[in-house]
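Peer 1: I need the structure of the sequence given here:
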Amino acid sequence: MSSRFASILLGAILTLSFFSAAPSSAQELESWELGINYPGEDSTNPFLLSDEGSAKVEFFVENSGLTEITVEFEFDIPFSGEHEAPEGETITAGSNESFDLKISGIDVLSQDAEKKEKFSITATITARQGIPDPLSSPQNREGDLEIPSIFDLALEITEPFGPMNAGSETILTVTVTNNGNAQDGVGEVDVKDDCPLLSTDNGLDSLLSGNIEAGKEKDANLKVTASESHPKRHCDITVTVTSKREMNGGGNAIAEGEVRVTVEPPPTGDSSSSNQGDGSSSSEDSIESNLPAPGVIVTISVLLVALIFPREGD
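Peer 2: Residues are numbered from 1 along each chain as shown. As a prediction, this is how the structure comes out:
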């Protein structure tokens, strides 16, 4: 009887040991974690790409188990981006290892500003203490990549058709193009020239109203006037515009263009009124200037008379 009791007691102890050890083994197998260090320690905060289309994401694997683990990584990058990161690492028991995922090659100008898409990191244990583990479940973490707002204005000024006369005016067309990926506009306009007797109007103020969509342009006319006393000279006119959105963001993105205007002296004696008023006198002067001098006429007349009417003595 005692031997039978001992057998039953031993079986109970073994059974109890099995069931108590099973949860411990399962816990040991799952005692690791993949994580991402999000901006501001908030998983809802996106990683903002640089203007060059790059970003760095720090992630980690924490191994709180009692065995060394070998982990293999896979990455999924949006916006057709490229990446540089370790393909796999070995993490010793009770340690936390951090790694860098470097994202690059994203064309931010071809994407809308502030657009977000998710990237993902997948980690799978391939071995424990050097022994292959084909049954381990992978872990996956995600984050958002955000396209930055690029403010890039370009400015172009039409060349004048030719020199302008003192006392006249010419029109220059100024075109501002939004080469960024976000809606923008002109916040400030500045016009300068290096000729004190040259003046410009406020025609470019119309650029300050409204916005310019990405990839679109807006133009305005600048009237340039040269004083009547303006000497012959080359005058350089510079137009500078500042991005409206960049100004609001505390930046100073500017675009600048320059053009040269040549000022010639005013025409002399060729106005219509002068020609009409002085037409008769000019004709008379022209005619008189084409006739021989009076002394020559008298000499020729005397010779003719002498030939036609010879002296009676002859």
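Peer 1: in what helix or strand does the nearest residue to residue 153 once chain neighbours are set aside lie?
Peer 2: Nearest residue to residue 153 in three dimensions, chain neighbours excluded: residue 255, at 4.2 Å (CB to CB, 6 or more residues apart in numbering). For glycine as for every other residue, the C-beta is placed from the backbone atoms N, C-alpha and C. In the assignment (DSSP states H and E), residue 255 maps to strand 254-264.
Peer 1: Show me what that strand is packed against.
Peer 2: For strand 254-264, the elements it packs on are strand 153-157, strand 164-165, strand 169-178, strand 233-243, judged by 3 or more CB pairs under 8 Å, 6 or more residues apart in numbering; DSSP states H and E.
Peer 1: could you redo the last one with a cut-off of 6 Å?
Peer 2: Strand 254-264 sits against strand 153-157, strand 233-243, with contacts defined as 3 or more CB pairs under 6 Å, 6 or more residues apart in numbering; DSSP states H and E.
Peer 1: just the CA coordinates of the helix or strand where residue 141 lies, formatted as CSV?
Peer 2: Per DSSP H and E, residue 141 falls inside strand 139-146. C-alpha atoms of strand 139-146 as CSV (Å, rounded to 0.1, in the frame of the first residue of the first chain):
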residue,chain,number,x,y,z
GLN,A,139,7.4,41.4,-34.1
ASN,A,140,6.5,44.5,-36.2
ARG,A,141,6.6,48.2,-35.5
GLU,A,142,5.5,51.1,-37.7
GLY,A,143,6.0,54.8,-37.9
ASP,A,144,5.0,57.7,-40.2
LEU,A,145,7.3,59.5,-42.6
GLU,A,146,6.2,63.1,-43.5
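Peer 1: What residues of it count as buried?
Peer 2: Buried residues in strand 139-146, counted by 16 or more other CB atoms under 10 Å: 139, 141, 143, 144, 145, 146.
Peer 1: Neighbours of the residue nearest to residue 153, how many?
Peer 2: Residues lying near residue 255 (other CB atoms under 10 Å) number 19.
Peer 1: returning to what we had before: output the helices and strands packed on strand 254-264 in TSV; the columns should cover distance to residue 109, mean pLDDT and mean neighbour count.
Peer 2: Below are these laid out as TSV (distance: least, CB to CB, whole Å; pLDDT from 0 to 100; neighbours: other CB atoms under 10 Å):
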stretch	distance to residue 109	mean pLDDT	mean neighbour count
strand 153-157	13	96	18
strand 233-243	15	97	18
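Peer 1: So which of those is nearest residue 55?
Peer 2: Ranking these by distance to residue 55, with CB to CB as the measure, places strand 233-243 first at 23.7 Å.
Peer 1: ok, the lengthiest strand in the chain: who's next to it in the sheet?
Peer 2: For the chain, the longest strand by residue count, based on DSSP state E, is strand 116-128. Sheet pairing of strand 116-128 (DSSP bridges) gives strand 69-76 (antiparallel), strand 131-132 (antiparallel), strand 139-146 (antiparallel).
Peer 1: Helices of this structure, start to end?
Peer 2: Assigned by DSSP state H, the chain shows helices spanning 2-29, 244-248, 272-277, 279-290, 294-308.
Peer 1: Wait, residue 176 touches residue 220, no?
Peer 2: No. Taking contacts as CB atoms under 6 Å, residue 176 lies outside contact range of residue 220: 8.3 Å.
Peer 1: what about these two, which has more around it?
Peer 2: residue 176 (25 against 20).
Peer 1: Contact partners for the spatially most central residue of the chain?
Peer 2: By CA atoms, centre = their mean, the chain has its centre lying nearest to residue 152, at 3.1 Å. By CB atoms under 6 Å, 6 or more residues apart in numbering, the contact set of residue 152 is 179, 180.
Peer 1: one more time with 8 Å, if that's ok
Peer 2: 178, 179, 180, 243, 253 (CB atoms under 8 Å, 6 or more residues apart in numbering).
Peer 1: what's the closest of the residues you listed to residue 111?
Peer 2: So of the contacts of residue 152, ranked by how close each gets to residue 111 (CB to CB), first place is residue 180, at 11.5 Å.
Peer 1: That closest one reaches residue 149, doesn't it?
Peer 2: Yes. In this structure, residue 180 is within contact of residue 149 by CB atoms under 8 Å, at 7.4 Å.
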